[in-house]
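**Student:** Turn this into a model:
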Amino acid sequence: MIISLGPIPPLVNITKDPPITIYGDAFNILCTAVTPVIYPNLIWSLQDMSPKTIVIVRSGKTLKTCQNTMFNGTMKRVKTCVVTLQSVTMRDAGEYSCMASNAVDSASVSLDVIIKGE
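**Tutor:** Below you'll find the predicted structure:
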(Lines give C-alpha, C1' and ligand atoms only; values in the text may rest on other atoms or scores of the structure.)
Protein backbone atom coordinates (compact mmCIF):
# COMPACT_ATOMS: atom_id res chain seq x y z
CA MET A 1 0.00 0.00 0.00
CA ILE A 2 1.26 3.46 -0.93
CA ILE A 3 0.36 6.38 1.31
CA SER A 4 0.43 9.83 -0.25
CA LEU A 5 0.66 12.89 1.94
CA GLY A 6 -0.53 15.10 -0.88
CA PRO A 7 0.75 18.56 -1.71
CA ILE A 8 2.34 20.48 1.14
CA PRO A 9 2.60 24.28 1.41
CA PRO A 10 5.94 25.87 2.35
CA LEU A 11 7.12 26.20 5.95
CA VAL A 12 8.71 29.59 6.54
CA ASN A 13 10.82 31.15 9.32
CA ILE A 14 12.36 34.61 9.81
CA THR A 15 15.18 35.78 12.12
CA LYS A 16 17.17 39.01 12.63
CA ASP A 17 20.79 39.60 13.60
CA PRO A 18 21.58 41.53 15.74
CA PRO A 19 18.33 41.49 17.74
CA ILE A 20 18.62 45.21 18.66
CA THR A 21 19.47 47.70 15.92
CA ILE A 22 21.22 51.00 16.67
CA TYR A 23 20.82 54.04 14.39
CA GLY A 24 23.64 54.00 11.80
CA ASP A 25 24.47 50.31 12.25
CA ALA A 26 23.68 47.40 9.92
CA PHE A 27 21.44 44.38 10.34
CA ASN A 28 20.51 41.16 8.53
CA ILE A 29 17.11 39.52 8.24
CA LEU A 30 17.17 35.85 7.27
CA CYS A 31 14.14 34.12 5.75
CA THR A 32 14.15 30.34 5.32
CA ALA A 33 11.44 28.39 3.50
CA VAL A 34 11.17 24.61 3.21
CA THR A 35 9.09 22.67 0.68
CA PRO A 36 9.08 18.98 -0.19
CA VAL A 37 9.49 19.11 -3.98
CA ILE A 38 10.08 22.45 -5.71
CA TYR A 39 12.12 25.37 -4.39
CA PRO A 40 9.70 28.05 -3.13
CA ASN A 41 9.53 31.64 -4.30
CA LEU A 42 10.33 34.26 -1.64
CA ILE A 43 9.06 37.84 -1.63
CA TRP A 44 10.15 40.51 0.89
CA SER A 45 8.02 43.48 1.91
CA LEU A 46 8.12 46.22 4.51
CA GLN A 47 5.13 47.80 6.22
CA ASP A 48 6.58 51.08 7.38
CA MET A 49 5.31 53.53 9.95
CA SER A 50 2.39 54.56 7.70
CA PRO A 51 -0.43 52.07 8.35
CA LYS A 52 -1.34 49.77 5.46
CA THR A 53 1.53 51.00 3.28
CA ILE A 54 3.43 48.09 1.80
CA VAL A 55 6.65 48.81 -0.07
CA ILE A 56 9.29 46.53 -1.46
CA VAL A 57 12.47 46.73 0.62
CA ARG A 58 14.43 49.70 -0.71
CA SER A 59 17.06 48.42 -3.11
CA GLY A 60 19.30 51.45 -2.57
CA LYS A 61 20.13 50.34 0.99
CA THR A 62 19.70 46.59 0.77
CA LEU A 63 21.65 43.64 -0.43
CA LYS A 64 19.54 40.54 -0.97
CA THR A 65 21.19 37.17 -1.49
CA CYS A 66 19.38 33.87 -1.93
CA GLN A 67 20.55 30.28 -1.91
CA ASN A 68 18.85 26.97 -2.76
CA THR A 69 19.90 23.84 -0.89
CA MET A 70 18.57 20.32 -0.42
CA PHE A 71 18.66 18.32 2.82
CA ASN A 72 20.94 15.32 2.37
CA GLY A 73 18.95 12.10 2.11
CA THR A 74 15.55 13.85 1.93
CA MET A 75 13.44 15.42 -0.74
CA LYS A 76 13.11 18.73 1.14
CA ARG A 77 14.12 21.85 -0.76
CA VAL A 78 15.27 24.87 1.26
CA LYS A 79 15.50 28.44 0.01
CA THR A 80 17.25 30.99 2.22
CA CYS A 81 17.29 34.71 1.50
CA VAL A 82 19.15 37.32 3.51
CA VAL A 83 18.41 41.04 3.35
CA THR A 84 21.23 43.22 4.69
CA LEU A 85 20.64 46.88 5.49
CA GLN A 86 23.61 49.19 5.99
CA SER A 87 23.67 52.56 7.83
CA VAL A 88 20.08 52.24 9.02
CA THR A 89 17.87 55.22 9.83
CA MET A 90 14.47 55.51 11.46
CA ARG A 91 12.93 55.04 7.98
CA ASP A 92 14.18 51.43 8.04
CA ALA A 93 12.03 50.60 11.08
CA GLY A 94 8.80 48.68 10.55
CA GLU A 95 7.36 45.25 10.01
CA TYR A 96 9.41 43.15 7.58
CA SER A 97 7.58 40.23 6.01
CA CYS A 98 8.77 37.27 4.02
CA MET A 99 6.22 35.35 1.94
CA ALA A 100 7.08 31.92 0.58
CA SER A 101 4.95 30.31 -2.10
CA ASN A 102 4.88 27.11 -4.08
CA ALA A 103 2.35 25.51 -6.45
CA VAL A 104 0.16 24.51 -3.49
CA ASP A 105 -0.11 27.58 -1.27
CA SER A 106 1.78 30.40 0.39
CA ALA A 107 2.84 31.25 3.93
CA SER A 108 4.31 34.39 5.41
CA VAL A 109 6.02 35.51 8.59
CA SER A 110 6.78 38.99 9.91
CA LEU A 111 9.31 40.61 12.20
CA ASP A 112 9.16 44.07 13.80
CA VAL A 113 12.38 46.08 13.48
CA ILE A 114 12.88 48.92 15.95
CA ILE A 115 15.77 51.35 15.49
CA LYS A 116 17.22 52.80 18.72
CA GLY A 117 18.92 56.19 19.05
CA GLU A 118 19.47 58.95 16.52
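**Student:** Strands along the chain, start to end?
**Tutor:** Assigned by DSSP state E, the strands in the chain fall at 11-17, 21-22, 27-35, 41-47, 54-55, 62-70, 77-85, 94-101, 106-113, 115-116.
**Student:** Tell me the strands beside the fourth one, with direction?
**Tutor:** What it means is strand 41-47. Paired neighbours of strand 41-47 in the sheet (DSSP bridges): strand 54-55 (antiparallel), strand 94-101 (antiparallel).
**Student:** Equivalent analysis for the last one, please.
**Tutor:** Within its sheet, strand 115-116 is paired with strand 21-22 (parallel), according to DSSP bridges.
**Student:** Tell me who's in contact with Lys116.
**Tutor:** Each residue near Lys116 by C-beta atoms under 8 Å, 6 or more residues apart in numbering is listed here: Ile20, Thr21, Ile22, Tyr23. Every C-beta, even on glycine, is put in place using the N, C-alpha and C of the backbone.
**Student:** one more time with 10 Å
**Tutor:** Listed by C-beta atoms under 10 Å, 6 or more residues apart in numbering, the contact set of Lys116 reads Ile20, Thr21, Ile22, Tyr23, Asp25, Met90, Ala93.
**Student:** Thank you, goodbye.
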